[in-house]
Every structure is written in structure tokens, then in C-alpha cells.
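**Q** sequence and computational prediction follow.
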Amino acid sequence: MAMTVNPLSPVLGAEVTGLDLSRPLGENLFGEVRQSWLEAGGLLVFPGQSLNTAQHIEFSSRFGPLFGAPGETPLQETVSRYLHPDHPEIYRVSNQVKDGEPLGRARAGTYWHSDVSFKERPAAASILHAIEVPAAGGDTLFANMTAAYEALSEAMKEMLAPLSAVHDFAQTAATQFAEPIVVENDLKGANRAVHPVVRTHPETGRKGLYVNPGMTVRLEGFEAGESEALLGFLFGHATQHRFIYRHRWRQGDVVIWDNRSLIHYAVCDYGDRPRYMERTTGIGDRPV
Ligand code: SIN
């Protein structure tokens, strides 16, 4: 069966059928997947996949090094209890508890963010495999930060061009974590980074906003009130409906998104109906 790619929304995302990700993809086919991903604004959905953990890691590794892989940077220590015990590349998201132990992080990412933007080299591709999904609810929203940037006035683009922002896990921990089980080490330097407010995508060469409400603390060189006002404007601007694709999960979906050009928000509206997902997180370049 040939690979087909169909757009999911006018602003971003495409669905890919005709591929079985549990089998290794040849170089040419993988090149087509990668190209489609970039052309779709950084989000592809592969429905009906059945991947074991090793296959998930193998497919993900084609996009670059992974957080938690041997010899690579781990994710922040706070989430280490949610990693797969044998495969630290896999971060588990779940609202279920078994034998008193959480199966994964509950309410993970229930705020707008770009994965681990507080690292010097934040995430590139994240690949989430839906293993159990509620019959209703639990969607994930994705906002296209390239489109949001391009829709700004030339005057605003000029003002933003030289600016940098501080991204800090301490803010995420303080404001977004429902249960504040945070490892003290995570509140120190390795989880704080300064990045340009407008970054150039290393593969497409397109510019996009690189700030997010969950992890971006302040703009460098501005008074607190000024920074809050300008960041508040950018967050509100980027998360308008016209820049968003909303993904309704089906069991077996594999979704790959590009944290260099998108922010995302997991909607926590499914109560205790089981939702279980496994994610790999690719290590990206230092934003420029
Ligand atoms: C995340 O990676 O932020 C979680 C996404 C989700 O559970 O939908």
C-alpha cells in the first residue's frame, strides 16, 4: 500500500496512511515522511499503529537523538518516576494508578508549552503513541507558531527581532503542576535557558515565535510589567483559533509534532476515564 498524506486543517497537520511504523522505513520513504512533516507545519498523524516500546524508540531515533537515550541528556529528574523502567527514552502519560504507583504522569502538559523549552537544547520532534484513550475528551491542541509569527505586523516583527526570553522549569513547576512533587535539583541552572523570541527553523529556514505560557518567564531587558504585557499579547495572539489544530485521539494513533515550530496543550477533561500515552522526545539544536 502506498503512503498517502492528507491535510487535517488549513493551518497545520496531515494524516499519513499506508505505513506500518513497526517496520523499519527505507531511507527514501523516511525522507518522504520527514519532508511531509515539515510541509504539514510540523505535525503528522499516523492512525492505527501498533508499536512496541523498542519500535517506538527506533522510529523516533530516525529524527535525531532522544532525551534519556544512552549517553544523552535525560529529561528533568522530576519526571524520572514516569519514565519506562527499562527504556528511559519513553515518558509515560497516564491518569491511572496501579498498586499505588502512577502508570505515568497525570495531567501532563495541560498548559500551552513547547517540550522542555527550558533546556539549552530543547526538544525537536516529540512522538506520542496513544495506547488507551477515553471515548470522549483528552484531545491535544497544537498552535502553529510560524503562522502566528507571519501574521504579525512588520513593526511588531522588527521590535521582536533582537529580543530574548528566559525559559525556566521553576515557573512551570510553580504554576502548572497540580501536585507539586518537584525535585529540588530541577529548579537550578540546567533547567533554565535564554532563547531568542523569534527563532529560525533549522530545516525550513522559516521564522516563528519561540515563547510559551508554561515555561517562558520574562523578556530580557524589560521591566516586569512590560515583559508581562508583551508576552501576554504574544501568547494570546499565538493561541487564536485560526492558528490551532485540535487532535481527537484514537487508540493506535502516533502523532509526531515539531516543538521548534508548534506549542501544544493537553486538554484534561476526561476525569478518571483511562488515558495512557507513551512519548519520546527528540533533542533539538540550540535555538537561533
Ligand atoms: C505532552 O507531551 O505535553 C502531553 C500531551 C498529551 O498527553 O496529549
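**A** Received it, and whenever you're ready, just let me know what you need.
**Q** what parts of the stretch 151-288 of the chain come near the ligand?
**A** Taking Cβ under 6 Å from any ligand atom as the criterion, the stretch 151-288 of the chain approaches the ligand at residues His264, Ala266, Met277, Arg279. Where C-beta positions appear, they are placed from N, C-alpha and C, glycine not excepted.
**Q** does the first one really touch Phe142, like I thought?
**A** Spelled out, that is His264. Yes: counting by Cβ atoms under 8 Å, Phe142 is a contact partner of His264 at 4.9 Å.
**Q** which neighbours do these two have in common?
**A** Counting by Cβ atoms under 8 Å, 6 or more residues apart in numbering, the contacts common to His264 and Phe142 are Trp257.
**Q** out of the residues of the stretch 151-288 of the chain next to the ligand, give me the two with the largest separation.
**A** Greatest spatial distance among those (Cβ to Cβ): His264 and Met277, at 12.4 Å.
**Q** would you map the helices across the stretch 101-250 of the chain?
**A** Assigned by DSSP state H, counting those that start in this stretch, the helices in the stretch 101-250 of the chain fall at 145-150, 154-160, 169-176, 224-238.
**Q** low-confidence ranges, the stretch 151-288 of the chain, go.
**A** 178-180 (pLDDT under 70).
**Q** for the ligand, what's the nearest residue on it?
**A** When scored by Cβ to the nearest ligand atom, the stretch 151-288 of the chain has Ala266 as its residue closest to the ligand, at 3.5 Å.
**Q** now that residue: how far from Gly64?
**A** 23 Å (Cβ to Cβ, to the nearest Å).
**Q** and if you look at Arg242?
**A** 30 Å.
**Q** likewise for Asp285?
**A** Distance of Asp285 to Gly64, given as Cβ to Cβ: 9 Å.
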